[in-house]
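K.L.:
here is the input, now give the coordinates:
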Amino acid sequence: MFAALIARLALATLVLAAAATADAETVFTGALDGTLPATDSPATGFARLVLDDAQTEVAYEITYSGLLGEEFVAHIHAGDAGNFGQIVHMLPLGTPKIGVWEPTPRQLAGLLAEGVSVVIHTDLWPEGEIGGRVTAEQTPVARRTWSAVRALLR
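P.N.:
The predicted structure is shown next:
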């Protein structure tokens with residue numbers, strides 16, 4: 001009986017350790033508007049990027065509405081806040097923009113350290129009608145609860 005309880009406690013400990021390490025993905029989010037770059041566009045948008053566990057691919061979904069100009073190009077830029085920096089990934093035209101970016105090791109390091117910017121360029125604002133900073137946050141995917149651990153011990 002005591003050995004079975006010890007085995008269950010060990011299993012519960014492993015479940016909690018796995019929950020602490022494997023149940024979170026790195027998600028990058030940010031609002032898009034006319035403040036970066038500085039325009040008076042009423043358009044808005046939202047970007048969500050998800051880095052896979054192997055840290056080799058970034059899946060993205062970027063949406064926007066209300067552009068005054070016609071979109072002709074969109075990018076993900078490296079660089080710190082306030083600096084677009086170099087283009088690291090071309091985005092498809094239209095909304096939503098859904099795809100996968102495979103960052104280089106250097107791009108990945110910059111993404112994790114500083115985040116990136118998303119910029120939508122239009123014919124009215126060739127330098128970018130709307131854009132915004134996209135930065136990391138840790139988001140739990142499927143948290144284990146103590147009730148789930150207790151269920152293992154019964």
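K.L.:
name the helix or strand for the nearest residue to M90 once chain neighbours are set aside, please.
P.N.:
Spatial nearest neighbour of M90, excluding adjacent residues (C-beta to C-beta, 6 or more residues apart in numbering): H75 at 6.0 Å. C-beta coordinates here come from the backbone N, C-alpha and C atoms, glycine included. Per DSSP states H and E, H75 falls inside strand 71-77.
K.L.:
what are the contacting residues of that strand?
P.N.:
Residues outside strand 71-77 that contact it (C-beta atoms under 8 Å, 6 or more residues apart in numbering) are 60, 62, 84-94, 97, 101, 116-123, 126, 129, 134.
K.L.:
following that strand, which helix or strand shows up next?
P.N.:
Taking DSSP H and E, what comes next after strand 71-77 is strand 87-90.
K.L.:
contact partners of the next helix-or-strand element following that following strand?
P.N.:
Downstream of strand 87-90, the next assigned helix or strand under DSSP H and E is strand 97-101. Residues outside strand 97-101 that contact it (C-beta under 8 Å, 6+ apart): 49, 57-63, 74, 76, 88-89, 91-92.
K.L.:
only the buried residues of the following helix or strand past strand 97-101, if you could.
P.N.:
Sequence-wise, the next helix or strand downstream of strand 97-101 (DSSP H and E) is helix 105-114. Residues of helix 105-114 classed as buried: 107-108, 110-111, 114 (neighbour count, 16 or more other C-beta atoms under 10 Å).
K.L.:
can I get these in TSV with pLDDT and distance to E25?
P.N.:
Listed next are these as TSV, based on pLDDT from 0 to 100; distance: C-beta to C-beta, whole Å:
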residue	pLDDT	distance to E25
Q107	94	18
L108	94	15
G110	90	19
L111	91	14
E114	84	19
